[in-house]
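[1] I would like to see how this sequence folds:
(chains A, B, C and D)
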Amino acid sequence: MNDSIVSFLSEFAIYKAFVASVSAKIGFDATSLLTFVVFFIAVLLVVNVMALIGGLGTYAERKISADLQARQGPNRVGPYGILQFLADGVKMITKEDIIPRMSDKFLFIVAPLLCMVGVFATLAVLPFASGLMLTDLNIGVFYMLGVSSLVGVGIFLGGYASNSKWSMLGGMRGAAQIISYEIPVTLSILAIVVLSGGLSMKTLVEGQLGVPWGWNIFHNPFTFIGFFVFFIGALAESNRAPFDLPEAESELVSGYHTEYTGMRFAFFALAEYVEVFVLCGLAAALFLGGYLVPFNLGKGLPLLEQFLQLGSFVTKTLLLYYVVIWVRWTLPRLRVDQLMTLCWKYLTPIALFNLIGCSFWMYFFEGKSLWVLLFKSGAKVAAGHH
Amino acid sequence: MSSYNLDVYMPVAILMIVAALLVVGALLVGHFIRPHNPTKLKYDAYECGEAPEGSAWSHFNIRFYVVGLIFIIFDVESALMFPVAAVFKKMNEIGRGGLVLVEILIFLSVLISGIAYCWRKGDLDWVKSYQAPKE
Amino acid sequence: MFTNILFLMSAVLTVGGAFAVILTKNIMHACVYLLSSLLGVAGLYVTLGADFVAATQLVVYVGGIVILMVFAVLLTGGSDAQKENKFGLSKIPLMGNNKTYTIAWITAFVVFMTLIKIISNIIKYYKETEVSAYTATVEKIGMLLVTDHVLAFEISSVLLLGALVGAAVIARPRKRE
Amino acid sequence: MMTLSSYLMISFILFLAGIVVMIARKNMIAMLLGIELILNAAALNFVAYTKFVNQNMDGHIFPLFIIVVAAAEAAVGLAIVIRFYQIKETIHIDDATQLQS
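    A predicted model of the protein is given here:
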């Protein structure tokens, strides 16, 4: 059931006609060549949109934090300061690129590369809309976990390579925080996989209903707690908000990327903002019904349906993005030991409890959601979710 | 030669290559635009102003290794649990859900006893202030 | 067509990473090259249609074991080698000098000769069978893990428990007198 | 290009690289790196045979358990190396001569 954006496009007559005409023109059958071209254009589109979102993330962060503190954010560059991130980009490119003398030159260069590859590779599986997702691997969520663990290695090497005590400590703490918070995130994803019975993103999203009471978050009490465990874990995994100890300005002088200047620092920052978007997207897809539109509006016409689904996915993700930025300016930063105790003594046991709870729920109620059991069991026999 | 269609993985490969090219490209573009006047001071590690002394690779607390250890054990556990969790719904529909439930419970209880042991023995609590290992 | 390109890329990454692990003098670089070699092997699993094993390789090896290795390198004094041991004899450098490398290459050559003998028979008697189309493996692995290989599944949790407890006991900073 | 022999060649090279790394290095952690390479070579062979010879899924289950055992082994091995370093201040293999530290 592996379909992707290409198989979605090939359902349209126009695309088939186009393929036929091209293959006629260049002799041999051009489907595989055209799949590559379509994939390449789709990837370039997604990467540019993500870079834009990363840039706008910094702008949004400044504007929202200003709004929370009743002051005005950047408003000089462009209307309402919207072009601020472009100005930052230009500044980043033209700043001098310094590699500290004592540092390990090879690792200094590889670290941002690992971070960027780790974050951008997860975009292949993010479910923007039922047809518009780049590819629907049937190991979707598990692939995402595997690739996003590259970021932890990248951050650690970034800290280790720049050979200053501050960045060393920052890199070490950053890696320890990322890998320890990956456990609650993985266990809450497992709970959702138990309920929807499949690893590919499409089955995880289609297992829910468009209407809010059909979402996974209200499926049963365990997934309700699971959403908050996932969200806290996602916050900690992208070094955000109350858990941004590795780059704690006051103590570690911006932690692991102290020594990075100019463009290299921009990669770490871009990777972080895109990772926040990807994790918010994952939370929206797994718990808040992803791209499903309430009452499946626009069922008939495919193009309208795709845009509605894309809109529903992006609004949910941006709402979570707003919460992430909002949390950053309201909660104080955690100390290292509070950070670790929160993870190992509170989040992991709760996540394990949720997983066992979901398995029992799956067995006793055959995976039917709370709403179906309470309201629909009597009158209409609801066949699970479909 | 093989009727093997792996086009589903094409975006993964393209994304990784495009990310790498983005990094290398931006650095190359910047290389020509950027000023380049290395002064000795500029190239030292940043020590809030003082001159850096000694290499940074000093002793580290063993706590970090215990965290990595517990992480990898639970990572492997989740790697094994994913296929079983993915199949639970299908097995439940054909009436064998109880068997899978029991297997999952045994698997999890053994690992929960592991983390309970580490909790009890105090491996999980993080030392407040940074002390070098006592011995 | 894309499969061959993917195969070539992952093969180059694997073999290049493996040789780089041999040639580097710095242990941290060796860990990074091991990481690239393991990524290549994950790519090879994908070309072989084993998508779940490729994802497990990514999650466990690349996300877990390499981080453990890097932590261990840091906890044992980074990548600067010690020259003298307590008897004052100058030790063979940590990352090996020409003498150890020659011995290594000789053993590798001996093993190479024996294995070539075995592999040449395999390749001679292997008939090209029809290659099956690409199918999803997660459900099949899940079904097998739950039905036929239940014992292995449960015993591996006991194995993980043993590894966890053992390594935790060893790595605990002892309050020695 | 993707035949069984090419996969055997690659796992063969990985196996040899693992042997050379283990023998040429005196650093304990470098030896553990060699072990990881050899384990990967073995797992690669299993998966290659599943695709080219017979299609039953045992060829996928066994590499899964190879990875599980390799993770457990790496965890314990590195714990021993770190404990050895804390006692003897060195991770040179020639100093690990007595059984009792």
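[2] sec struct for B:Ile72, please.
    Classification of B:Ile72 using DSSP: H, G, I helix; E, B strand; the rest coil returns helix.
[3] quick check: closest non-adjacent residue to it.
    Closest residue to B:Ile72 apart from its sequence neighbours, by CB to CB, 6 or more residues apart in numbering or on different chains: C:Gly64 at 4.0 Å. Placement of C-beta: from N, CA and C, glycine included.
[4] same check on B:Asp75?
    Nearest one to B:Asp75, counting by CB to CB, 6+ apart, is C:Gly64 at 4.7 Å.
[5] ok, B:Ile104 - contacts?
    B:Ile104 makes contacts with A:Ile356, A:Ser359, B:Met81, B:Val84, B:Ala85, B:Phe88, as judged by CB atoms under 8 Å, 6 or more residues apart in numbering or on different chains.
[6] distance of C:Thr24 from A:Leu107?
    Counting by CB to CB, to the nearest Å, the separation of C:Thr24 from A:Leu107 is 11 Å.
[7] neighbour-wise, which of the two wins?
    It is A:Leu107, of C:Thr24 and A:Leu107, that has more neighbours when counted by other CB atoms under 10 Å in any protein chain shown, with 21 against 18.
[8] quick check: pLDDT value at B:Ser3.
    For B:Ser3, the pLDDT comes out at 45.
[9] repeat that for C:Lys127.
    Confidence for C:Lys127, expressed as pLDDT, is 73.
[10] pLDDT below threshold where in chain A?
    Counting by pLDDT under 70, chain A contains low-confidence residues at A:1-2, A:96-102, A:241, A:245-262, A:377-386.
[11] next secondary structure element downstream of the helix of greatest length in it?
    Here the longest helix in chain A is taken by residue count, with DSSP state H as the criterion, and it is helix A:31-68. Moving toward the C-terminus from helix A:31-68, the next helix or strand (DSSP states H and E) is helix A:84-94.
[12] only alpha carbons, please: show that following helix as PDB.
    Coordinates of the C-alpha atoms in helix A:84-94 are reproduced here as PDB (Å, rounded to 0.1, in the frame of the first residue of the first chain):
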ATOM      1  CA  GLN A  84      13.400  40.300   9.300                       C
ATOM      2  CA  PHE A  85      14.500  36.700   8.800                       C
ATOM      3  CA  LEU A  86      15.800  37.500   5.300                       C
ATOM      4  CA  ALA A  87      17.900  40.200   6.900                       C
ATOM      5  CA  ASP A  88      19.200  37.700   9.400                       C
ATOM      6  CA  GLY A  89      19.900  35.300   6.600                       C
ATOM      7  CA  VAL A  90      22.000  37.800   4.700                       C
ATOM      8  CA  LYS A  91      23.800  38.700   7.900                       C
ATOM      9  CA  MET A  92      24.600  35.000   8.500                       C
ATOM     10  CA  ILE A  93      26.000  34.500   5.100                       C
ATOM     11  CA  THR A  94      28.300  37.500   5.200                       C
END
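[13] pick out the residue closest to the middle of chain C.
    When chain C is reduced to its mean C-alpha position, the closest residue under CA atoms, centre = their mean turns out to be C:Leu38, at 6.4 Å.
[14] re the thing from before, which two of the contacts of B:Ile104 have the greatest separation?
    Among the contacts of B:Ile104, the pair separated by the greatest distance (CB to CB) is A:Ile356 and B:Val84, at 13.4 Å.
[15] might you calculate how far the helix or strand in which the residue nearest to the centre of chain C is found sits from the centre of the chain?
    Per DSSP H and E: C:Leu38 is located in helix C:27-47. Average the C-alpha atoms of helix C:27-47, do the same for its chain, and the two points are 8 Å apart (CA atoms, centre = their mean, to the nearest Å).
[16] ok, residues contacting the helix or strand following that helix?
    Next along the chain after helix C:27-47, taking DSSP H and E as the criterion, comes helix C:51-56. With contacts defined as CB under 8 Å, 6+ apart, helix C:51-56 is touched by A:137-139, A:142-143, A:146, B:79, B:82-83, C:42-43, C:45-46, C:136-138, C:141, D:43, D:47, D:60, D:63-64, D:67.
[17] need the CA coordinates for the helix or strand just after helix C:51-56. PDB is fine.
    Once helix C:51-56 ends, the next helix or strand along the chain (criterion: DSSP H and E) is helix C:66-75. In PDB, the C-alpha atoms belonging to helix C:66-75 read as follows (Å, rounded to 0.1, in the frame of the first residue of the first chain):
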ATOM      1  CA  VAL C  66      27.400   5.200  18.000                       C
ATOM      2  CA  ILE C  67      26.300   7.700  20.700                       C
ATOM      3  CA  LEU C  68      27.400   5.200  23.400                       C
ATOM      4  CA  MET C  69      30.700   4.800  21.600                       C
ATOM      5  CA  VAL C  70      31.200   8.600  21.500                       C
ATOM      6  CA  PHE C  71      30.200   8.900  25.200                       C
ATOM      7  CA  ALA C  72      32.700   6.100  26.000                       C
ATOM      8  CA  VAL C  73      35.500   7.900  24.000                       C
ATOM      9  CA  LEU C  74      34.800  11.000  26.000                       C
ATOM     10  CA  LEU C  75      34.700   9.300  29.400                       C
END
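[18] need the residues of chain C near chain A, please.
    Along chain C, the residues adjacent to chain A under the rule CB under 8 Å from any CB of the partner chain are C:1-2, C:26, C:28-29, C:32, C:35, C:51-52, C:54-59, C:62-64, C:66-67, C:70-71, C:74, C:136, C:138.
[19] residue contacts, the residue nearest to B:Ile106 when sequence neighbours are not counted?
    Counting by CB to CB, 6+ apart, the nearest residue to B:Ile106 once its immediate chain neighbours are dropped is C:Glu154, at 5.7 Å. By CB under 8 Å, 6+ apart, the contact set of C:Glu154 is B:Glu103, B:Ile106, B:Phe107, B:Val110.
[20] the last one: what's it in contact with?
    Residues touching B:Val110, when contacts are defined by CB under 8 Å, 6+ apart, comprise C:Glu154, C:Ser157, C:Val158, C:Leu160, C:Leu161.
[21] helix or strand for the first one, which one?
    Assigned by DSSP H and E, C:Glu154 falls within helix C:150-170.
[22] go through that helix and flag the buried ones.
    Counting neighbours by 16 or more other CB atoms under 10 Å in any protein chain shown, one finds that the buried residues in helix C:150-170 are C:150, C:152-153, C:156-157, C:159-161, C:163-168, C:170.
[23] can I get it as PDB, trimmed to CA atoms?
    Coordinates of each C-alpha in helix C:150-170 appear next as PDB, following Å, rounded to 0.1, in the frame of the first residue of the first chain:
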ATOM      1  CA  VAL C 150       7.700 -16.000  20.600                       C
ATOM      2  CA  LEU C 151      10.400 -17.600  22.700                       C
ATOM      3  CA  ALA C 152      13.200 -15.600  21.100                       C
ATOM      4  CA  PHE C 153      11.100 -12.400  21.600                       C
ATOM      5  CA  GLU C 154      10.700 -13.100  25.300                       C
ATOM      6  CA  ILE C 155      14.200 -14.200  25.900                       C
ATOM      7  CA  SER C 156      15.600 -11.100  24.200                       C
ATOM      8  CA  SER C 157      13.800  -9.100  26.900                       C
ATOM      9  CA  VAL C 158      15.600 -11.100  29.600                       C
ATOM     10  CA  LEU C 159      18.900 -10.600  27.700                       C
ATOM     11  CA  LEU C 160      18.200  -6.800  27.700                       C
ATOM     12  CA  LEU C 161      17.500  -6.900  31.400                       C
ATOM     13  CA  GLY C 162      20.700  -8.800  32.100                       C
ATOM     14  CA  ALA C 163      22.700  -6.300  30.000                       C
ATOM     15  CA  LEU C 164      21.000  -3.300  31.700                       C
ATOM     16  CA  VAL C 165      21.600  -4.600  35.200                       C
ATOM     17  CA  GLY C 166      25.100  -5.800  34.500                       C
ATOM     18  CA  ALA C 167      26.300  -2.600  32.800                       C
ATOM     19  CA  ALA C 168      24.600  -0.400  35.400                       C
ATOM     20  CA  VAL C 169      26.400  -2.300  38.200                       C
ATOM     21  CA  ILE C 170      29.700  -2.000  36.400                       C
END
